[in-house]
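Colleague: Prediction below, plus the sequence it came from.
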Amino acid sequence: MIEQTVKIVNPEGLHGEVAKCMVDCACSFKSDVYMEKKLHRVNAKSYLGIIALGVMENDEVVLLIDGCDENKAVDCLTKIINSGFEDKALISEIEALKRKTYC
């Protein structure tokens, strides 16, 4: 299991399209992916779960990833979060992965 703390840099936090992008990224991996904020843990493959965390700009969250592709998953998730969900090439890559897999 990998635990990675990341700071949310997106001015809107994790809401709307940004939360959808996060879920799409998490769903493109076989590993279990969870997100935790102040000891509240949700399945990061759940849009409603992510929205329920109420993550705002500058909040820190912990990604907890466990499975056969956990290293690839943590790399992809941290890259997209650190880019503020602005990396268009990475978003396109996630869209391509999403077409090959599903939650």
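Modeller: Okay, I see it. Numbering: from 1, shown residues only.
Colleague: In the chain, where is pLDDT below threshold?
Modeller: Along the chain, the model assigns pLDDT under 70 to residues 95, 97-103.
Colleague: need the strands for it, in chain order.
Modeller: 2-7, 32-37, 40-43, 60-66 (DSSP state E).
Colleague: Determine which stretch of these is the most buried.
Modeller: Compared across the strands of the chain, strand 32-37 shows the largest average neighbour count, a mean of 21 (mean count of other C-beta atoms under 10 Å). C-betas here are computed from N, CA, C, even on glycine.
Colleague: What pairs with that one, parallel or antiparallel?
Modeller: Using DSSP bridges, the strands paired with strand 32-37 are strand 40-43 (antiparallel), strand 60-66 (antiparallel).
Colleague: Save these as CSV, and put in distance to A52 too.
Modeller: Listed next are the strands paired with strand 32-37 as CSV, based on distance: least, C-beta to C-beta, whole Å:
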stretch, distance to A52
strand 40-43, 6
strand 60-66, 13
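Colleague: Out of the ones you listed, which is closest to G54?
Modeller: strand 40-43 (9.1 Å; C-beta to C-beta).
Colleague: From the centroid of the protein, which residue is nearest?
Modeller: Taking C-alpha atoms, centre = their mean, the centroid of the chain lies closest to M22, which sits 3.9 Å from it.
Colleague: can you give me the helices in the protein?
Modeller: 16-27, 47-53, 70-82, 88-100 (DSSP state H).
Colleague: To S92, which of the strands of the chain lies closest?
Modeller: strand 32-37 (20.3 Å).
Colleague: With that, I have no additional questions.
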